[in-house]
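Undergrad: Sequence first, then the predicted structure:
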Amino acid sequence: MNTILFLTNNQNALALADWLRDQGENAIISGDRIDKGFIDKRGIEFIVSFNYRSIIIDEVIRALPRRVINLHIGYLPFNRGASPNLWSFIEQTPSGVTIHEVDRGIDTGDILLQEKIAFDYKKETLASAYAKSLDLIQSLFKSRWSELKNLSINAVKQTGGGGGGRITARQRVSRSNPRSITT
């Protein structure tokens with residue numbers, strides 16, 4: 001049994017931690033900031049970050065090379081950071097999900113797995129796109145967990161892309177209708 005640290009600040013991610021437990025993993029859930037002492041004290045062998053708000057510090061990443069991954073509901077290298085579906089719509093970049101290794105940047109680590117999603121934003125809301133992204137990332141993670149934990153997936157460096165996580169003063173996004181963007 002592996003000791004997995006499951007980092008999240010969002011209730012919608014807890015079912016995936018429960019799934020890890022159902023697979024026989026010793027999954028410890030935390031939403032707190034962590035350091036090397038935290039992982040050493042608990043014998044952490046692998047870290048899964050999913051909807052976690054804090055930056056994972058370099059000493060933790062170095063202590064577990066290739067064993068700190070993030071589940072990102074954006075198609076990297078596009079739309080790094082928060083609200084990738086919103087940015088995908090605003091910037092008309094690809095939508096999808098990505099599982100990547102964590103490095104010192106924000107969503108800049110090597111890509112392990114990813115899948116595109118084609119949203120019809122004339123029919124979708126940001127809430128429905130978010131729900132579909134959550135379902136897909138969890139399905140992808142579950143289907144490939146054994147390979148992820150055994151480090152048997154070849155990582156691919158990110159190139160190009162970027163964006164997301166910002167809005168200009170001229171852009172207005174309506175919460176009730178995300179299609180009402182003015183530039």
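TA: Structure's in. What do you need?

Undergrad: would Ile4 count as being in a strand?
TA: Yes. Secondary structure of Ile4 (DSSP: H, G, I helix; E, B strand; the rest coil): part of a strand.

Undergrad: how many other residues sit next to it?
TA: By the criterion of other Cβ atoms under 10 Å, Ile4 has 22 neighbours. Every residue, glycine included, has its C-beta placed from N, CA and C.

Undergrad: quick one: pLDDT of it?
TA: On pLDDT, Ile4 comes in at 97.

Undergrad: swap in Gly81?
TA: 89.

Undergrad: and the spatially most central residue of the chain, how far is that from Phe50?
TA: Closest residue to the average C-alpha location of the chain: His72 at 2.1 Å, with Cα atoms, centre = their mean. Going from His72 to Phe50 by Cβ to Cβ, to the nearest Å gives 9 Å.

Undergrad: quick one, what contacts Gln138?
TA: By Cβ atoms under 8 Å, 6 or more residues apart in numbering, the contact set of Gln138 is 15-16, 19, 71.

Undergrad: ok, back up a step: how about the backbone phi and psi for the residue nearest to the centre of the chain?
TA: The phi/psi pair for His72 (degrees, to the nearest 10) reads phi -110, psi 130.

Undergrad: was I right about it contacting Asn85?
TA: No. Using Cβ atoms under 8 Å, His72 makes no contact with Asn85, being 11.2 Å away.

Undergrad: quick one, phi psi at Trp145?
TA: Taking degrees, to the nearest 10 as the convention, Trp145 sits at phi -60, psi -50.

Undergrad: Also His100?
TA: phi -140, psi 160.

Undergrad: With just CA atoms, put the helix or strand of the chain with the lowest mean pLDDT into PDB.
TA: Least confident element among the helices and strands of the chain, by mean pLDDT, DSSP states H and E: helix 84-91 (a mean of 86). Extracted C-alpha coordinates of helix 84-91, given in PDB (Å, rounded to 0.1, in the frame of the first residue of the first chain):
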ATOM      1  CA  PRO A  84      -9.100  27.500 -17.600                       C
ATOM      2  CA  ASN A  85     -12.600  26.900 -19.200                       C
ATOM      3  CA  LEU A  86     -13.300  30.600 -18.900                       C
ATOM      4  CA  TRP A  87     -10.000  31.500 -20.500                       C
ATOM      5  CA  SER A  88     -10.400  28.900 -23.200                       C
ATOM      6  CA  PHE A  89     -13.600  30.600 -24.200                       C
ATOM      7  CA  ILE A  90     -12.300  34.200 -24.000                       C
ATOM      8  CA  GLU A  91      -9.000  33.400 -25.800                       C
END
